[in-house]
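Participant: What shape does this take:
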Amino acid sequence: MPTRGNKRFLVVAALFLLSLILYIDRAAISSAKAAMAAELALSDTEMGLVFGGIFSGVRLCANPLGMAC
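Facilitator: Sure thing, here's the model as predicted:
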């Protein structure tokens, strides 16, 4: 059975890994902007709204998860 110190290490490692995945995901979405905009025929303003919606959703979910830890 893991000790208290091991559990803390696992939680911190999991949070770091999730943060890294979210960072890479945001970078990938930003680099794919041109292809997405061309395929969906979206202007820069509309792409800004799409990105704002994505990041607002992430921000809204991050606050309750941060308070739960």
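
Participant: Now do the contacts for the residue nearest the centre of the chain.
Facilitator: When CA atoms, centre = their mean is applied to the chain, the residue found nearest the centroid is L22 (3.5 Å). Neighbouring residues of L22 by CB atoms under 8 Å, 6 or more residues apart in numbering: V58. C-beta here means a position set from N, CA and C on the backbone, and glycine is covered the same way.

Participant: where's it, which helix or strand?
Facilitator: Here L22 is covered by helix 4-31, with elements defined by DSSP states H and E.

Participant: Past that helix, which element shows up next along the chain?
Facilitator: helix 33-40.

Participant: and that next one, how far from the chain's centre?
Facilitator: Chain-centre distance of helix 33-40: 20 Å, with CA atoms, centre = their mean, to the nearest Å.

Participant: which residues make contact with that helix from outside it?
Facilitator: Applying CB under 8 Å, 6+ apart, the contact partners of helix 33-40 are L42, S43, D44, E46, M47, V50, F51.

Participant: picking that back up, helix 33-40 and the helix holding L22, what's the angle between them?
Facilitator: Counting by axes from the mean of the first three to the mean of the last three CA atoms, to 10 degrees, helix 4-31 lies at 60 degrees to helix 33-40.

Participant: Name the residues of helix 4-31 that come out as buried.
Facilitator: Buried residues in helix 4-31, counting neighbours by 16 or more other CB atoms under 10 Å, are absent.

Participant: Roughly how far does the residue nearest to the centre of the chain sit from L42?
Facilitator: 23 Å (CB to CB, to the nearest Å).

Participant: Tell me how many other residues surround the closest residue to M47 other than its chain neighbours.
Facilitator: Counting by CB to CB, 6 or more residues apart in numbering, M47 lies nearest to A37, which is 5.1 Å off, once chain neighbours are set aside. The number of residues packed near A37 is 15, by other CB atoms under 10 Å.
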